[in-house]
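In: Okay, predicted coordinates and the sequence, questions at the end:
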Amino acid sequence: MNNVKQKIQEAASHIENMIGFQPQIGLILGSGLGIIADLVEEATVIPYHTIPHFPVSTVEGHAGELVAGKIKGKPVVMMKGRFHLYEGYDANFVTFPVRVLKAIGVNQLIVTNAAGGVNKDFEVGDLMLMSDHINNMGTNPLIGPNDKELGPRFPDMSQPYSKRLIALAHKVANEISFTFREGVYMGNLGPTYETPAEVRMARALGADAVGMSTVPEVIVAKHAGIEVLGISCITNKAAGLIEQALSHNEVMEAAEKVKPKFLKLVLGIIEAL
């Protein structure tokens, strides 16, 4: 555990020396949604491979950069690209950056992802506020010895996504005449898209959207005492709801189309925090 804390501190010290300020708001930007980082003022860009002990993103649509600066006068730090279990990383490695964000001062975290719509009422291009999640990944990033300085042995997950931040997001959306969907995200291991039977299972279990990320990061954020807001971009209808094959290109194209409203909403939420 001491070795883990040392690695967190070494990564945090490197970032702090590069950016020269303490960010309060963190963002993790999913597939095709890294465009928000282009709006950061006075930006410092730090490639992941230059940060001690950081993983490196291997997925198309994930740039692999940490971007720090200001948005609407608020000090922010963004992960432009994330890490996934299906890349071969273990759950502790995938969530290591969340520990580092906490160490450099982040108390509020906005996580975004591209997701498949399981709820039959959802349409491609909808944005869903995550009200809860189902961990269907077969692992948990908190497995193993617990360091109480990082968080409690048995963290409460009765409110993984902040009701306060959800209400604030709805308020921002209402001001620009936009309506968020709201629902439950199921995190699956991947890298295969779900079968029609798996989608029926997800729906039966109460999921509204499915994806291959986010859940491990949110678990560690809650363990660390970070307030979380989750936003899913519904980039496709899940298997069985439409009679066509799914592809990562389709996900990226849908994310591209939703960018204008995504940008406006996230900027408004950051300003309101």
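Out: Cool, the structure landed.
In: so where's the stretch 151-273 of the chain shaky on pLDDT?
Out: 239-255 (pLDDT under 70).
In: can you give me the strands for it?
Out: For the stretch 151-273 of the chain, the strands defined by DSSP state E, counting those that start in this stretch cover 181-188, 209-211, 227-237.
In: which helices and strands does the second one pack with?
Out: Contacts of strand 209-211 with other secondary structure elements, assessed using 3 or more Cβ pairs under 8 Å, 6 or more residues apart in numbering; DSSP states H and E, are made with strand 108-117, strand 181-188, strand 227-237. Yep, even glycine has a C-beta here, placed from its N, CA and C like the rest.
In: which residue ranges form the helices in the stretch 101-250 of the chain?
Out: 163-175, 196-204, 215-223, 248-272 (DSSP state H, counting those that start in this stretch).
In: want to throw these into a markdown table with distance to Glu123?
Out: Below are those laid out as a markdown table (distance: least, Cβ to Cβ, whole Å):
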| stretch | distance to Glu123 |
| --- | --- |
| helix 163-175 | 16 |
| helix 196-204 | 16 |
| helix 215-223 | 24 |
| helix 248-272 | 10 |
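In: Pick the most buried one from those.
Out: helix 215-223 (a mean of 26; mean count of other Cβ atoms under 10 Å).
In: Please export the C-alpha coordinates of the helix or strand hosting Glu16 as CSV.
Out: Using DSSP states H and E, Glu16 maps to helix 2-19. Extracted in CSV, the C-alpha atoms of helix 2-19 (Å, rounded to 0.1, in the frame of the first residue of the first chain):
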residue,chain,number,x,y,z
ASN,A,2,2.9,2.4,0.8
ASN,A,3,4.1,1.7,-2.7
VAL,A,4,0.7,2.6,-4.2
LYS,A,5,0.6,5.9,-2.3
GLN,A,6,4.1,6.7,-3.4
LYS,A,7,3.2,6.2,-7.0
ILE,A,8,0.1,8.4,-6.6
GLN,A,9,2.2,11.1,-5.0
GLU,A,10,4.9,10.9,-7.7
ALA,A,11,2.3,11.2,-10.5
ALA,A,12,0.5,14.0,-8.6
SER,A,13,3.7,16.0,-8.0
HIS,A,14,4.6,15.8,-11.7
ILE,A,15,1.2,17.2,-12.7
GLU,A,16,1.3,19.9,-10.0
ASN,A,17,4.7,21.0,-11.1
MET,A,18,3.5,21.2,-14.7
ILE,A,19,0.2,23.1,-14.1
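In: ok, residues contacting that helix?
Out: If you take Cβ atoms under 8 Å, 6 or more residues apart in numbering as the criterion, helix 2-19 is touched by 22, 44, 46, 50-54, 66, 68-69, 77, 92, 96, 99-100, 103-104, 147, 149-150.
In: Out of those residues, which end up buried?
Out: 46, 51, 54, 66, 68-69, 77, 92, 96, 99-100, 103-104, 150 (16 or more other Cβ atoms under 10 Å).
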